[in-house]
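Student: show me how the following folds:
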Amino acid sequence: MEINAYTIHTPKQLAPLLRALRRQRGLTQADVARQLGITRQAVTTLERRPETATFERLMKVWALLGLEVSLHTRA
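Tutor: Residues are numbered from 1 along each chain as shown. Here you go, the predicted structure:
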């Protein structure tokens, strides 16, 4: 089992990561939209500007992508 950790400091870092992980899992934007009950356009916006999404929506996307969030204090 491969474990990857991604450190994100800004929304600009999160945007390409979300897109890459979705593609890596073989999902289209339409697939994600259907599973979350939102429009494909909402997925596009979420991937381009994740800072506009609610934390709840991001959590749903992360769960769909098989991710979990872990918060750590900065060293």
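Student: roughly how far apart are residue 74 and residue 9?
Tutor: With the distance defined as CB to CB, to the nearest Å, residue 74 ends up 9 Å from residue 9. (Each C-beta comes from the backbone N, C-alpha and C, glycine too.)
Student: now do residue 51
Tutor: Per CB to CB, residue 51 is found 13 Å from residue 9.
Student: which of these two has more neighbours?
Tutor: The neighbour count for residue 51 versus residue 9, taken as other CB atoms under 10 Å, is higher for residue 51 (11 against 8).
Student: ok now do that one, which residues does it touch?
Tutor: residue 11 (CB atoms under 8 Å, 6 or more residues apart in numbering).
Student: now do it, the pLDDT please.
Tutor: For residue 51, the model assigns a pLDDT of 94.
Student: using the three-state scheme, assign it.
Tutor: Here residue 51 is helix, with the state taken from DSSP: H, G, I helix; E, B strand; the rest coil.
Student: contact partners for the residue nearest the centre of the chain?
Tutor: With distances taken as CA atoms, centre = their mean, residue 18 lies nearest the centre of the chain, 4.0 Å away. With contacts defined as CB under 8 Å, 6+ apart, residue 18 is in contact with 46, 47, 50, 61, 65.
Student: who wins for neighbours among those residues?
Tutor: Most neighbours among these, by other CB under 10 Å: residue 46, with 25 neighbours.
Student: so for that residue, what's the nearest residue that isn't a sequence neighbour?
Tutor: Using CB to CB, 6 or more residues apart in numbering and skipping the chain neighbours, the partner closest in space to residue 46 is residue 53 (4.9 Å).
Student: repeat for residue 43
Tutor: Beyond its immediate neighbours in the sequence, the residue positioned closest to residue 43 (CB to CB, 6+ apart) is residue 29, lying 4.3 Å away.
Student: nice, that's everything, thank you.
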